[in-house]
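Enquirer: please work out how this folds:
(4 chains)
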There are 2 protein chains.
Amino acid sequence: MTRTDTRERILDEAEQLMGARGYSGFSYQDIARPLGIRNAAIHYHFPTKADLGVAVIQRYRDMLAAAWKDFRAGRTSPRQQFDGYLHIFTHEAVRNQTLCPMGVLTADYFNLPDSMLEAGTTLKREVLEWLAEILASGRDSGDFRFEGNPEDEALMVMATLQGARQMARMIGTDAMMAIVTRLRSDLVADAGDRAA
Amino acid sequence: MTRTDTRERILDEAEQLMGARGYSGFSYQDIARPLGIRNAAIHYHFPTKADLGVAVIQRYRDMLAAAWKDFRAGRTSPRQQFDGYLHIFTHEAVRNQTLCPMGVLTADYFNLPDSMLEAGTTLKREVLEWLAEILASGRDSGDFRFEGNPEDEALMVMATLQGARQMARMIGTDAMMAIVTRLRSDLVADAGDRAA
DNA sequence: GTCTATAAAACGATAGAC
DNA sequence: GTCTATCGTTTTATAGAC
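Expert: Numbering: from 1, shown residues only, chains lettered A, B, ... in the order given. Predicted structure coming up:
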């Protein structure tokens, strides 16, 4: 049960640190110290830093896939599924002002090893495909209202979300939430969500 | 005339490198090599790396202030002034996929020395104030259409622009331009800009 | 699976000659 | 104003004991 516990705690710290300071902004020391282990112990689980970075992305992909599966199983409406993703996205942002792994990928792009870029390209595709699918079915069901094709709308939504989350560091999380709420209300067909 | 020429070329390289790889993603060596000078020569002009980072931000502020002054002097409509800013913003993004100094500030926030955070806070305030002013006068003149107060709209616009520019690294500059064009057409009151 | 010890390289920065 | 030379630190990573 505690077999791979250290590995998981390393990934927790790495995801946190990567979200806060970027891929080249944290070191093995930064992970080892709070965990009470040594540098070399991390290298046992993740031989190179690129391996660690890829593992963070892979775990994040698994988390999202599980969440999307839960959404489909539990709630029905596309709007509720979209809100589920917004909750995941904004919750961490408000809690510690980090970026999600996909935000790190775009922010730190030219610093990343090839293996991380490959994993990141897959992540990007999965997120945008899921979002476009939700938006498309949501427009059909009357949950959402937008012009153009769902793929373009998905890009627009992701850009605004990522930009807002990143700007939260300078404008605060309240202002970030205001942007997210506004984005959502622009997307929702019926009235009742609009602020003054 | 060539008195402070090296200093300016250092700033050119630094702005480029910072936009591509972030503040902690480039070194004095990265600047020195293409300029054909040595490490220590940069330290003569900018004693610490923080000094260099602050200088990049200051010069960018000056560039924007001059551009805004030209906008006011030359063109009249808020929409034309907004388009002028969009041109500056997207031009560099398409050319080399860098972030602007303000994008770097938010992306690299927790890696930055205090002096850069101070300069960055001023930059952020100036950009958002100018944008809110343009949006406000543009709505009065009929150039723009949006709900809520201009300050909130300015935040929404900046988040979308920064997010799109950052995502350009993964989705390409064409997709980025599509987002920017869409943002603009949502803002412009009369029809004729809308894509299918 | 974690440790000590260490290697090899890159980093920001300084001293002093020219 | 730029150079050579170097310092002290941190970085990723490896070898080998336990």
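
Enquirer: every contact and neighbour count from this point should use C-alpha atoms.
Expert: Noted.

Enquirer: ok now the host helix or strand of residue A:120, how far from the chain's centre?
Expert: For residue A:120, the host element (DSSP states H and E) is helix A:114-141. In terms of C-alpha atoms, centre = their mean, to the nearest Å, the centre of helix A:114-141 is set 11 Å apart from its chain centre.

Enquirer: same question for stretch A:71-87.
Expert: 16 Å.

Enquirer: excluding chain neighbours, what is closest to the residue nearest to the spatial centre of chain A?
Expert: Residue closest to the mean C-alpha point of chain A, counted by C-alpha atoms, centre = their mean, is residue A:100 at 3.7 Å. The shortest distance from residue A:100 to any non-neighbouring residue, by C-alpha to C-alpha, 6 or more residues apart in numbering or on different chains, is to residue A:19 (5.9 Å).

Enquirer: the one you found contacts residue A:98, doesn't it?
Expert: Yes: the pair residue A:19 / residue A:98 is scored as a contact, 4.5 Å apart, by C-alpha atoms under 8 Å.

Enquirer: those strands in chain A, which residues are they?
Expert: Using DSSP state E, chain A contains no strands.

Enquirer: show me where it has its helices.
Expert: Counting by DSSP state H, chain A has these helices, from start to end: A:5-21, A:28-35, A:39-45, A:49-74, A:78-96, A:101-107, A:114-141, A:150-171, A:173-187.

Enquirer: now, of these, which is deepest in the fold?
Expert: Comparing those by mean neighbour count (mean count of other C-alpha atoms under 10 Å in any protein chain shown), helix A:101-107 comes out on top with a mean of 26.

Enquirer: and it with chain B, contact?
Expert: Yes: counting by C-alpha under 8 Å from any C-alpha of the partner chain, chain B is contacted by helix A:101-107 at A:106-107.

Enquirer: next, residue A:99: phi, psi?
Expert: As for residue A:99, its main-chain torsions (degrees, to the nearest 10) stand at phi -100, psi 150.

Enquirer: tell me how many other residues crowd it.
Expert: 28 (other C-alpha atoms under 10 Å in any protein chain shown).

Enquirer: excluding chain neighbours, what is closest to it?
Expert: If the residues on either side of it in the chain are set aside, residue A:99 comes closest to residue A:19, at 4.5 Å by C-alpha to C-alpha, 6+ apart.

Enquirer: mind checking how far that neighbour is from residue B:136?
Expert: To residue B:136, residue A:19 is 35 Å away according to C-alpha to C-alpha, to the nearest Å.

Enquirer: ok, residue A:151 next?
Expert: 31 Å.

Enquirer: again, but for residue A:135
Expert: The gap separating residue A:135 from residue B:136 is 31 Å, by C-alpha to C-alpha.

Enquirer: is stretch A:130-144 in proximity to chain B?
Expert: No: residues of stretch A:130-144 contacting chain B under C-alpha under 8 Å from any C-alpha: none, with a closest distance of 14.6 Å.

Enquirer: contacts for that stretch?
Expert: The contact list for stretch A:130-144 (C-alpha atoms under 8 Å, 6 or more residues apart in numbering or on different chains) reads A:77-79, A:81-82, A:145-146, A:150-151, A:153-154, A:187-189.

Enquirer: many thanks, we can stop here.
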